[in-house]
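A.B. asks: Got a sequence here, can you model it:
(one chain, ligands or ions: 1)
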Amino acid sequence: PAAMVLVYKCLISVPLAILEAGALDLSHHFRYLLYDVNPPEGFNLRRDVYIRMASLVKTLTKDGDDWVLVLPPWGRLYHWQSPDIYQLRIPWGEFFSLTSLQVNVPVIEYEEFIAENGGPFIDQVLVLQNYAEGWTDGKWEEKVDKRPCIEKLIYSKDKQGFYRGWFWGYEETRARNVTCISAQGHASIMAPVLQKNITVTSVMLDRAETLLHDHYAGKDYWDTRRSMVFAKHLRLIGDNFRATHLNSTDISDSTVYSEDWTRMKAKLGSAKGGPYLGVHLRRKDFIWGHREDVPSLKGAVKKIRSLMKKHKLDKVFLATDADGGELKELKRLLPEMLRFDPSIEDLELLKDGGVAIIDQWICAHARFFIGTSVSTFSFRIHEEREILGFDPKTTYNRFCGDSEKECEQPTHWKIVY
Ligand SMILES: C[C@@H]1O[C@H](OP(=O)(O)OP(=O)(O)OC[C@H]2O[C@@H](n3cnc4c(=O)[nH]c(N)nc43)[C@H](O)[C@@H]2O)[C@@H](O)[C@H](O)[C@@H]1O
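C.D. replies: Next comes the predicted model:
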């Protein structure tokens, strides 16, 4: 673990150092787009919202305007429940390669924004919401309008007349103005509003998940998705686990990865994957509603055993958010399962987000993968496997509920290069 910690410390400073060196010319007048997401949403859903915001910035910059996307720090996520570890104001560089993101769209960390902007002030917050009246005449149309706030605002005015709010745990951050906007449509419908109606330098879209993808699974979607390269230290830890416990290396598994995502164009079927079954078994809030499409532990283990037999795999790697009691039960039912289970010291460095990424990375390299119905955690693994060049048959599989009648399997989304 000590060696792992050292590797981590060396690597984590790299993307930040590159950023400090200044990928952007700061003498220029930039406008800044900030955003945040509904608090209960999880890590991988937030990654999806990033794709939508990147699309919007691409639209904004198409007309020659210089917009920069400010990456919302990670923290206070409902699912990150490891006790006693500090998980607030986490920069994106801890989880993703910033230089890779920057090849796709201009991005900076929030603290970089504070430095460039001359202080923790955001000129305008737009709180996005739906239309109080829903769809008129049941007809869907794209529209944006300034409207009274439907929900109680989480922003409140202080004595100086500034707005205080959550702002990713940065207590000193304040907004000069907060307005509610009803928006219905794809992310780029905000472009004319930001270009014509609002002239201030920094604008934050709160509840950004209200906006839809410009073009789900189109070229722009995939460019952004491919640019979301996991931070190198996390990939290395995942690779080390594969080599040590799963007899899996890139050369033997035909999953050689290029640091430069623009050069990753693996042919479908070219990746073989490591000799193990990769499993993502989502629990917690997915079972509390007793959803029909999520299996019991017994049902899941039965499926795992049948897949291991069918694909002649004697190892199984399990990624799960199961709680202590369920984990015990899983170990009893499937004693041979392997999990990435870091020590407390390592967890403090990697954080729950880093562990989630390592779990995804290991699942992404398995010879065969099965995930959980409609979990964005599983969806992101599908995409990672698509990037690596796996045969779709080995990727788009999900558990069925014990008594689910129609168990539709996940859709294959092909990369558009
Ligand atoms: C019901 C909905 O579910 C949606 O979750 P869903 O798409 O699965 O996926 P996520 O948006 O990633 O949220 C689930 C979170 O739970 C943890 N988690 C889940 N499975 C694993 C795992 O196998 N390994 C590790 N290490 N962590 C896991 C992790 O923090 C992950 O980000 C949420 O985004 C929505 O906000 C909402 O709660």
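A.B. asks: Does Leu126 touch Ser202 like I think?
C.D. replies: No. Using CB atoms under 8 Å, Leu126 is not in contact with Ser202, being 11.5 Å away. In short, each C-beta sits where N, CA and C put it, glycine included.
A.B. asks: Name the residue in those two with the higher neighbour count.
C.D. replies: Leu126 (24 against 21; other CB atoms under 10 Å).
A.B. asks: Tell me the secondary structure at the more buried one.
C.D. replies: strand (DSSP: H, G, I helix; E, B strand; the rest coil).
A.B. asks: again, but for Tyr32
C.D. replies: Strictly by three-state DSSP, Tyr32 counts as strand.
A.B. asks: Can you name the residues bridging to it?
C.D. replies: Going by DSSP bridges, Tyr32 is paired in beta bridges with Val68, Ser202.
A.B. asks: My understanding was that it contacts Asn117; is that so?
C.D. replies: Yes. Taking contacts as CB under 8 Å, Tyr32 lies within contact range of Asn117: 6.8 Å.
A.B. asks: any residues in contact with both of these two?
C.D. replies: Thr201, Ser202 (CB atoms under 8 Å, 6 or more residues apart in numbering).
A.B. asks: Name the residue in these two with the higher neighbour count.
C.D. replies: A direct count of neighbours by other CB under 10 Å for Tyr32 and Asn117 places Tyr32 higher, at 20 against 16.
A.B. asks: May I have the residues that are in contact with the more buried one?
C.D. replies: Counted by CB under 8 Å, 6+ apart, Tyr32 has contacts Trp67, Val68, Val70, Phe113, Asn117, Thr201, Ser202, Val203.
A.B. asks: when you check the ligand, which of those residues turn up near it?
C.D. replies: Among the contacts of Tyr32, not one lies near the ligand by CB under 6 Å from any ligand atom.
A.B. asks: Endpoint to endpoint, stretch 87-96 covers what distance?
C.D. replies: 16 Å (CA to CA, to the nearest Å).
A.B. asks: contact partners of it?
C.D. replies: So stretch 87-96 is contacted by 12, 15-16, 19, 71, 73-77, 80, 98, 101, 107, 109-111, 168-170, 228-231, 234, 351-354, 357 (CB under 8 Å, 6+ apart).
A.B. asks: 6 Å instead?
C.D. replies: 15-16, 71, 73-75, 80, 109, 169, 228, 231, 351, 353 (CB atoms under 6 Å, 6 or more residues apart in numbering).
A.B. asks: How about the residues of the stretch 51-200 of the chain by the ligand?
C.D. replies: Near the ligand, when you scan the stretch 51-200 of the chain using CB under 6 Å from any ligand atom, you find His79, Trp80.
A.B. asks: do that again at 8 Å, thanks
C.D. replies: Within the stretch 51-200 of the chain, the positions near the ligand by CB under 8 Å from any ligand atom are Leu77, Tyr78, His79, Trp80.
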